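Chemist: sequence unknown, structure follows:
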């Protein structure tokens, strides 16, 4: 409750300032700052008191463990089948994944590990594709070492304690399956000393460790990604203009406020994923964790600009979080009730426009000309333009009201960023 009150007071204080506000943020106590990969890595090191290269590599691995059934739910969770793809391609940018989504598949979390290791000062990190799995490894102490946050484990060389033994590389796991299988003391039981904690708990419980080892030793389809797998370019920097407000929630504002992933079928974009009973994938549940209680959250960006007397007005909304839908609300003066209003949106910087709504005078339901419109769904986006065209007699001066609430898709475990 104390943090909730702080959030409210911060919101009231910052919205009263009639000036631009640059990237305001409120961090929960002990929460690493994920607005940059460098601050995130340093925050993880501090959280786990990690000093040596091994301790730091393991701290980053531990911070991103995905399955809350076996460890304390952390920063990222796995959803089978939910792979977000945008018009520019699949979402692999680490800052966008961590701050706007917070969930994904193995081929999302592996590039995230690569990026955070490198941002944390490691000389190199890289991503491998195996049989049905994507993994990452990091370079320190003269060699590469494989850590898997998606399946919750790593394996060490030799028969010594995992805490003091050298962590194996992908190449070593390819050549010697006993590095993995030798940690078993029964079909569904691992050695608590020689195995990491956790050590592939779901596979141990299912008796599937031999299959995990085979994913490495079946080398014919193993491949090392030759470049940096995680593209960089997204930023969490943003500016709030006068009369603009950002609200972050700790849960979705309503159950249906999310968007399904899209895939390109060669002709157009279609919603995805499929319903898969085996993995408890039900699209009606939204992007909630299938293994623990974690859920997505949303936010709202509201802009109330002064409306000029021009017949065409253009507004731009930018957000470091993915925009998943938007809505326009207007109230025109009584002497403008004869005017009609056409609303269009653009998500490509004004190169093309899609009609959101045309509101005729008789469609308004209040004496003050209030109207509301929703643009066509062309999401997800980081930027959206609104074009308002008034035709007919009107007198829309700065005293008119215009409000544009824009819903954001936000990371479920991030604290509120409020202004």
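Modeler: Yes, it's here. Bear in mind the structure is a predicted one, so any value in this text is a computation, not a measurement. Numbering: from 1, shown residues only.
Chemist: which outside residues touch stretch 133-146?
Modeler: Stretch 133-146 is touched from outside by 53-54, 57, 105-107, 110-111, 113-114, 117, 122-128, 147-148, 150-151, 154-155, 166-171, 173, 215, with contacts defined as CB atoms under 8 Å, 6 or more residues apart in numbering. Every C-beta, even on glycine, is put in place using the N, C-alpha and C of the backbone.
Chemist: please repeat the previous calculation with a cut-off of 6 Å.
Modeler: Outside of stretch 133-146, the residues within contact range by CB atoms under 6 Å, 6 or more residues apart in numbering are 53, 57, 106-107, 110, 113-114, 117, 122-125, 127-128, 148, 167, 169-170, 215.
Chemist: please apply the same query to stretch 176-188.
Modeler: 155, 168, 173, 190, 191, 194, 195, 204, 207, 209, 213, 217.
Chemist: which two of these have the greatest separation?
Modeler: The most widely separated members of the contacts of stretch 176-188, counting by CB to CB, are 168 and 207 (21.8 Å).
Chemist: so for those two, which residue has more residues nearby?
Modeler: In this view residue 168 and residue 207 are compared by other CB atoms under 10 Å, and residue 168 has more residues nearby, 24 against 13.
Chemist: am I right that residue 173 is in a strand?
Modeler: No. Note on residue 173: no strand contains this position according to DSSP: H, G, I helix; E, B strand; the rest coil, which reports helix.
Chemist: stretch 114-124 - what's its average pLDDT?
Modeler: Within the predicted structure, the mean pLDDT of stretch 114-124 is 97.
Chemist: name the residues of that stretch that are buried.
Modeler: Burial within stretch 114-124, assessed by neighbour count using 16 or more other CB atoms under 10 Å, is assigned to 114, 115, 116, 117, 118, 119, 120, 122.
Chemist: okay if I get those residues as JSON lines plus secondary structure and distance to residue 236?
Modeler: Converted to JSON lines, the buried residues of stretch 114-124 look like this (DSSP: H, G, I helix; E, B strand; the rest coil; distance: CB to CB, whole Å):
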{"residue": "114", "secondary structure": "helix", "distance to residue 236": "19"}
{"residue": "115", "secondary structure": "helix", "distance to residue 236": "14"}
{"residue": "116", "secondary structure": "helix", "distance to residue 236": "15"}
{"residue": "117", "secondary structure": "helix", "distance to residue 236": "20"}
{"residue": "118", "secondary structure": "helix", "distance to residue 236": "18"}
{"residue": "119", "secondary structure": "helix", "distance to residue 236": "14"}
{"residue": "120", "secondary structure": "coil", "distance to residue 236": "18"}
{"residue": "122", "secondary structure": "coil", "distance to residue 236": "22"}
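Chemist: closest to residue 96 among these?
Modeler: Using CB to CB, the shortest approach to residue 96 within the buried residues of stretch 114-124 belongs to residue 115, at 11.3 Å.
Chemist: and the closest one, what does it touch?
Modeler: Listed by CB under 6 Å, 6+ apart, the contact partners of residue 115 are 37, 94, 230.
Chemist: so how far is residue 40 from the nearest residue to the second one once chain neighbours are set aside?
Modeler: Counting by CB to CB, 6 or more residues apart in numbering, residue 94 lies nearest to residue 115, which is 4.1 Å off, once chain neighbours are set aside. According to CB to CB, to the nearest Å, residue 115 and residue 40 sit 9 Å apart.
Chemist: same check, this time on residue 236
Modeler: When distances are taken as CB to CB, residue 236 and residue 40 turn out to be 11 Å apart.
Chemist: neighbour-wise, which of these two wins?
Modeler: When residue 236 and residue 40 are compared for neighbours, residue 40 comes out ahead with 25 against 18, by other CB under 10 Å.
Chemist: what about this protein, any weak spots by pLDDT?
Modeler: Along the chain, the model assigns pLDDT under 70 to residues 1-18, 81, 83, 85-88, 262-264, 271-282, 307-311, 330-341, 357-419.
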